[in-house]
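*Asks:* Got a sequence here, can you model it:
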Amino acid sequence: MTTLIRSIAVGAALFAAGAVMLGRAQAGSDEYFPPVSDPLTRQECGSCHMAFPAGLLPARSWQKMMGELDNHFGEDASVDAATAKQITTYLVAHAADTARGDMRRWLRGVSASAAPQRITELPKWVREHREVSPGDWTRKEVASKANCVACHVDAERGYFEDD
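*Replies:* Residues are numbered from 1 along each chain as shown. Got it, this is the predicted structure:
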């Protein structure tokens, strides 16, 4: 009988954990963006900063960014042509304005011709972070608006809930 009770308890715990995870990954969630799944993109981009989900920017932004890697936010992030092509192909295929990315909600307020380079300057990002005080951005453990993992512990897994 003890084994049966233990099995029921374990089953209930697994069901509850599954329900929480399913709820977090619901399509259309404002806090979930599929994380980078391409190993090369994750390796190259993630070697300097979090590999940002492609669904945070439109395809034209990723194309522009990948075409200017010699001046990537003041750094030379150049890679060989084959690597650049593979990363660009992945980012464009999963961008906010593509069928695979389908995160168009994130681009509200962005002109159809604009190619924003900073996720932190998108109108939706600004609205989502309006309650963060200016001093919080300069705290040592945060250091930058681009340091998502400082406040969103599961950001690298695509979850950007308020933690």
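*Asks:* Need the nearest residue in space to the most centrally placed residue in the chain, chain neighbours excluded.
*Replies:* With distances taken as CA atoms, centre = their mean, the residue of the chain nearest its centroid is P53 (3.2 Å). Distances taken as CB to CB, 6 or more residues apart in numbering place F33 nearest to P53, at 3.8 Å, with adjacent residues excluded. In short, each C-beta sits where N, CA and C put it, glycine included.
*Asks:* give the contact list for that neighbour.
*Replies:* P53, G55, L56, M103, W106, G158, F160 (CB atoms under 8 Å, 6 or more residues apart in numbering).
*Asks:* Now do the residue nearest to the centre of the chain against A81, distance only.
*Replies:* Here P53 is placed at a distance of 25 Å from A81 (CB to CB, to the nearest Å).
*Asks:* what does D38 give?
*Replies:* Counting by CB to CB - D38 and A81 are separated by 17 Å.
*Asks:* Among the two, which residue is more densely surrounded?
*Replies:* Between D38 and A81, D38 has the larger neighbour count (other CB atoms under 10 Å), namely 18 against 8.
*Asks:* Touching, the more buried one and I87? I think so.
*Replies:* Yes. With contact defined as CB atoms under 8 Å, D38 and I87 form a contacting pair (7.4 Å).
*Asks:* so what sits against both of these two?
*Replies:* With the criterion set as CB under 8 Å, 6+ apart, the contacts of D38 and I87 do not overlap.
*Asks:* ok, and for stretch 135-142, which residues are buried?
*Replies:* Neighbour-count burial for stretch 135-142 flags W137, V142 (criterion: 16 or more other CB atoms under 10 Å).
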